[in-house]
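S.K.: Okay, here's the prediction I keep looking at, along with the sequence it came from:
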Amino acid sequence: MKDLVKKLSTDAWRTSGARYNASRRLKRRDLFSTISLSLFAAVGVGLAVVQRVYSFESGSPADNYITALSVCLGVFLLVVSLVEWGSGNAVKADRLYQNAEELNAFQRRLAVIVIELEEEAQPLAAEVQKLLKEYDEIKARCAFNHEPLDDCLSMATRRFAPEFKHQDGSLRYNWFEERWFAMRSIASSIWYFILLWLVIGGLIVATPWNQSGNSHSSCATTASATTQKVIQKPALSGQEHLTNQESK
């Protein structure tokens, strides 16, 4: 019975650690999602401003491309916003964190019971059954579960604890594995939006800016020629005036 209570304490500690990691992962995803969606909206507005300021000729390849890109980006932003809102990552993270706190408090209470059992007789089966039932009830209060990656990261982080070592006392995970799990946890939160940023950035770079069809260069050439004529005209008038004086 004592071993069963110790195992229950270890399970509660392990589960709470995994759910802490799941909460951090989902909070990270929610934060990155909020920032990315805000910047996506800013990019859409920026494209419209660029199209207006540079006055691309209507119907030119660059004008058509930016118009299509702005419309697609707006629809894409709406779809991704609905998907992220439906996933409810912030709510899941909060629920997992609260459940991890309850499991952590339960594990501390079990640790006290284990110390008391070292000096007392075997606990009654009914008492152990009550603790098992309470553990299951605490887990059931959270409708969301953690991922296996969260559990592996939790055990790798606490790899020096006797509860998470092999029976022969060797470590279950090493430092490199712990770093690998940590990087995977970070990547699983942001890889989706990094891919979207690469796609949107590639589409913006692919814009045919040199095919805008505007008449800025021709206007500049015409203005330069007009200026030269205006400058040359007074000079010619001065020469004609001198010629008229000499003839007189």
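M.R.: All right, it came through fine. What you see is a predicted model; the values in this text were computed from it and never measured.
S.K.: going forward, measure contacts between C-alpha atoms and count neighbours the same way
M.R.: Fine.
S.K.: tell me how far the ends of stretch 114-133 are from each other?
M.R.: One end of stretch 114-133 to the other measures 17 Å (CA to CA, to the nearest Å).
S.K.: Please identify the buried residues of it?
M.R.: 114, 128, 131 (16 or more other CA atoms under 10 Å).
S.K.: chain center to that stretch, what's the gap?
M.R.: 46 Å (CA atoms, centre = their mean, to the nearest Å).
S.K.: Give me the subset of the buried residues of stretch 114-133 lying in helices.
M.R.: 114, 128, 131 (DSSP state H).
S.K.: show me where this structure has helices.
M.R.: Counting by DSSP H, the helices of the chain are 2-53, 61-87, 89-117, 125-140, 148-157, 175-205, 216-247.
S.K.: Please name whichever of these is nearest to residue 169.
M.R.: When the helices of the chain are compared by CA to CA, helix 148-157 sits nearest residue 169, at 14.6 Å.
S.K.: and the closest one, what's its mean pLDDT?
M.R.: Helix 148-157 shows a mean pLDDT of 95.
S.K.: Stretch 3-17 now?
M.R.: Taken as a whole, stretch 3-17 carries a mean pLDDT of 91.
S.K.: Pull out the buried residues from it.
M.R.: Of the residues in stretch 3-17, those buried (16+ other CA under 10 Å) are 5-6, 8-17.
S.K.: Put together JSON lines for those, with distance to residue 204 on each row.
M.R.: Shown next, in JSON lines, are the buried residues of stretch 3-17 (distance: CA to CA, whole Å):
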{"residue": "5", "distance to residue 204": "60"}
{"residue": "6", "distance to residue 204": "59"}
{"residue": "8", "distance to residue 204": "56"}
{"residue": "9", "distance to residue 204": "55"}
{"residue": "10", "distance to residue 204": "53"}
{"residue": "11", "distance to residue 204": "51"}
{"residue": "12", "distance to residue 204": "50"}
{"residue": "13", "distance to residue 204": "49"}
{"residue": "14", "distance to residue 204": "47"}
{"residue": "15", "distance to residue 204": "45"}
{"residue": "16", "distance to residue 204": "45"}
{"residue": "17", "distance to residue 204": "43"}
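S.K.: ok, of those, which one's closest to residue 110?
M.R.: The closest of the buried residues of stretch 3-17, once distances to residue 110 are taken by CA to CA, is residue 9, at 5.6 Å.
S.K.: Now for the closest one: which residues touch it?
M.R.: Residue 9 makes contacts with 107-108, 110-111, as judged by CA atoms under 8 Å, 6 or more residues apart in numbering.
S.K.: Can you flag the buried ones in the residues you listed?
M.R.: In these, burial by neighbour count holds for 107, 110-111, counting by 16+ other CA under 10 Å.
S.K.: Using CSV, please lay out the residues you listed together with pLDDT and distance to residue 87.
M.R.: CSV is the format used below for these (pLDDT from 0 to 100; distance: CA to CA, whole Å):
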residue, pLDDT, distance to residue 87
107, 93, 30
110, 90, 35
111, 86, 36
